[in-house]
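Novice: Got a sequence here, can you build the structure:
(4 chains)
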Protein chains: 2
Amino acid sequence: MTNTATAEPRRKRMPKAQRKAQMLDIAEQVFAERGYLAASMDEIAERVGVSKPMLYEYFGSKEGLLIGCIHRARTELLDRTQQAISGASTPEEILRLGLLAFFEFIGEHKQAWALLRQEAAVTVPSAVEEIEGIRRQQTDLIAAVIGSFDTDIDVIEAEAFAEIVVGSTERLALWCERRPEVGPALATTYVMEVVWRGVANRLTG
Amino acid sequence: MTNTATAEPRRKRMPKAQRKAQMLDIAEQVFAERGYLAASMDEIAERVGVSKPMLYEYFGSKEGLLIGCIHRARTELLDRTQQAISGASTPEEILRLGLLAFFEFIGEHKQAWALLRQEAAVTVPSAVEEIEGIRRQQTDLIAAVIGSFDTDIDVIEAEAFAEIVVGSTERLALWCERRPEVGPALATTYVMEVVWRGVANRLTG
DNA sequence: TCAGTAGGTTACTCGAAGTAAGTTACCTCC
DNA sequence: GGAGGTAACTTACTTCGAGTAACCTACTGA
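Specialist: Down below sits the predicted model:
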């Protein structure tokens, strides 16, 4: 009954990188399920099939584990976005494709997204920095797009516009969760309709 | 040395309402200073000059105390906004005055704003509801404004626009903290320039 | 002046983050 | 094919803070 015959690896040893990735997967899941506060390191460890000190070995602290999750998501998002806009030619197209990539990304990573946007933001100071890093990625990109559209625009104003785009997008992404009928394409359209028209209007008018 | 002569009230008794308000003041401060997680009930109690069980007597839990803070800020913000827009006549004016009131409020209540915006996203589920309540106040108002502007617009689209306005505003408010030269008036202008133009354009064009 | 109660305290439990010190599977080089 | 080095892992704690039970005290009015 309790035999472990014929290779039934209840807890197998793993190389570092693989274990680390697995930990991030599980942690992302548990954080999203329970929220950062309610999630316990013991539960995460148990689900991974490993003891708690291993988590500390790899990530240093609960906070560190959270940062790890966020950082991975950030990297992936950036990759996706850059790939998405690589085929674009006009500023409008860059913005549209970037937005679409973003909405698609969060559609696939609902849990991670809820974590990033709702919970992590507050609970852990260093998580805020990491999240701000994500936004910085986006605002820099957008400010550059706006700048390339019309080099006469005030730097501060371009920054403000970029912030507006990012804020709109984030907020709309959250709203989309309650509105399943609004997919990435429609969400992109909404943002473009309001914001791009507004920006273009400002620049040319 | 250690005497308490001539009415030196190290810890005075207080009527409930006054004590409660004092607790909220201190809690708001400590939450803002340390963040929700790092803030301890013991510290809050000590700063109030009262023992921990009193906090639990009045607010039930740490979460309850946070909700109390958020709720108070929410009420105040709503009052301010409603008063501000009471003199407006056109939808555009309503939006502009509402935005201005918002930016002014958060300029004056940085701590409360940090609570709303940062701590609010805290893992605490009911805090999230409170915060969502605030946004709902705003989005409902804005959706109504947009609806009154042109009743032909799709309900979903009006909602999306409202989310965009709120998202832009929130994000820009955060950005303003790093840009002291951008005051409430200029921030309002930025949002109106981009968003209102975008919305109006969509409605009429 | 003393009973009733609003306002307050001491001293605990319990659960989860974080850690010190020891253990086992796996590889490698003879 | 077994010694031995080390990467991967565990057990068994400490510590700290949220939450609570049970008790105390200053003020009120009849």
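Novice: Skipping adjacent residues, who's closest to A:Arg96 in space?
Specialist: Spatial nearest neighbour of A:Arg96, chain neighbours left out: A:Met192 (5.7 Å); criterion: C-beta to C-beta, 6 or more residues apart in numbering or on different chains. Quick note: C-beta positions are derived from backbone N, CA and C, even for glycine.
Novice: what's near enough to touch A:Tyr190?
Specialist: Residues near A:Tyr190 by C-beta atoms under 8 Å, 6 or more residues apart in numbering or on different chains: A:Leu172, A:Val182, B:Glu157, B:Ala160, B:Phe161, B:Ile164.
Novice: which stretch of helix or strand covers the residue nearest to the fourth one when sequence neighbours are not counted?
Specialist: This means B:Ala160. Distance criterion C-beta to C-beta, 6+ apart; nearest residue to B:Ala160, sequence neighbours excluded, is A:Tyr190 at 4.4 Å. Secondary structure assignment for A:Tyr190, by DSSP states H and E: helix A:184-191.
Novice: Report the buried residues of that helix.
Specialist: Neighbour-count burial for helix A:184-191 flags A:Pro184, A:Leu186, A:Ala187, A:Thr188, A:Thr189, A:Tyr190, A:Val191 (criterion: 16 or more other C-beta atoms under 10 Å in any protein chain shown).
Novice: likewise stretch A:83-93?
Specialist: Per 16+ other C-beta under 10 Å, stretch A:83-93 contains these buried residues: A:Ala84, A:Ile85, A:Pro91.
Novice: Output the below-cut-off pLDDT ranges for chain A.
Specialist: For chain A, the stretches with pLDDT under 70 are A:1-11, A:115-124, A:149-151, A:203-205.
Novice: Let me see the ranges of the helices in it.
Specialist: A:16-34, A:41-48, A:52-59, A:62-85, A:91-108, A:110-114, A:121-123, A:125-149, A:155-178, A:184-191, A:197-204 (DSSP state H).
Novice: Identify all contacting residues around the fourth one.
Specialist: Judged by C-beta under 8 Å, 6+ apart, the contacts made with helix A:62-85 from elsewhere in the structure are A:23-24, A:27-28, A:31, A:36, A:41, A:44, A:55, A:59, A:94, A:97-98, A:100-102, A:104-105, A:109, A:112-113, A:115-116, A:120, A:124, A:126-127, A:130-131, A:133-134, A:137-138, A:141.
Novice: List buried residues within these.
Specialist: Buried among those (16+ other C-beta under 10 Å): A:23-24, A:27-28, A:31, A:36, A:41, A:44, A:55, A:59, A:94, A:97-98, A:100-102, A:104-105, A:109, A:112-113, A:115-116, A:120, A:124, A:127, A:130-131, A:134, A:137-138, A:141.
Novice: Might you report the residue contacts of the residue of chain A at minimum distance from DNA strand D?
Specialist: Residue of chain A nearest DNA strand D, by C-beta to the nearest atom of the strand: A:Ser51 (3.1 Å). Contacts for A:Ser51 (C-beta under 8 Å, 6+ apart) come out as A:Ala45.
Novice: Quickly note the distance from it to A:Gly64.
Specialist: A:Ser51 sits at a distance of 17 Å from A:Gly64 (criterion: C-beta to C-beta, to the nearest Å).
Novice: before we move on, back to that, what's the angle from the helix holding A:Tyr190 to helix A:155-178?
Specialist: Orientation of helix A:184-191 against helix A:155-178 (axes from the mean of the first three to the mean of the last three C-alpha atoms, to 10 degrees) gives an angle of 140 degrees.
Novice: mind exporting helix A:184-191 as PDB, just the C-alpha atoms?
Specialist: The C-alpha coordinates for helix A:184-191 follow below in PDB (Å, rounded to 0.1, in the frame of the first residue of the first chain):
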ATOM      1  CA  PRO A 184      -8.800  42.500 -25.800                       C
ATOM      2  CA  ALA A 185      -9.700  43.900 -29.200                       C
ATOM      3  CA  LEU A 186     -12.700  45.900 -28.000                       C
ATOM      4  CA  ALA A 187     -10.800  47.200 -25.000                       C
ATOM      5  CA  THR A 188      -8.100  48.400 -27.300                       C
ATOM      6  CA  THR A 189     -10.600  50.100 -29.500                       C
ATOM      7  CA  TYR A 190     -12.100  51.900 -26.500                       C
ATOM      8  CA  VAL A 191      -8.800  53.200 -25.300                       C
END
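Novice: next one: it to chain centre, how far?
Specialist: Relative to the centre of its chain, helix A:184-191 is centred 18 Å away, using C-alpha atoms, centre = their mean, to the nearest Å.
Novice: Next, the angle helix B:197-204 makes with it.
Specialist: On the basis of the same axes, to 10 degrees, helix A:184-191 is oriented at 100 degrees to helix B:197-204.
Novice: Tell me what angle helix A:184-191 forms with helix A:91-108.
Specialist: Going by the same axes, to 10 degrees, helix A:184-191 is angled at 130 degrees with respect to helix A:91-108.
Novice: Contacts for stretch A:97-112 next, please.
Specialist: With C-beta under 8 Å, 6+ apart, stretch A:97-112 has contacts from A:28-29, A:32-33, A:69, A:73, A:76-77, A:80-81, A:83-85, A:87-88, A:113, A:138, A:141-142, A:169, A:173, A:176-177, A:183-185, A:187-188, A:191-192.
Novice: Count the neighbours of the closest residue to A:Met54 other than its chain neighbours for me.
Specialist: Nearest in space to A:Met54, with sequence neighbours left out and distances taken as C-beta to C-beta, 6+ apart, is A:Ala45 at 6.7 Å. Using other C-beta atoms under 10 Å in any protein chain shown, A:Ala45 is surrounded by 19 other residues.
Novice: Pretty sure A:Lys52 is one of the things A:Ala45 touches, is it not?
Specialist: Yes - using C-beta atoms under 8 Å, A:Ala45 is in contact with A:Lys52, at 4.3 Å.
Novice: Near DNA strand D, which residues of chain A are found?
Specialist: A:11-16, A:19, A:50-54, A:57 (C-beta under 7 Å from any atom of the strand).
Novice: and DNA strand C, which of those residues reach it?
Specialist: Among these, DNA strand C is touched by A:Lys12, A:Arg13, A:Lys52, A:Pro53 when using C-beta under 7 Å from any atom of the strand.
Novice: and these, which are buried?
Specialist: Neighbour-count burial (16+ other C-beta under 10 Å) is assigned to none of these.
Novice: What is the nearest of these to A:Ile146?
Specialist: Ranked by distance to A:Ile146 (C-beta to C-beta), those are led by A:Lys52 at 47.9 Å.
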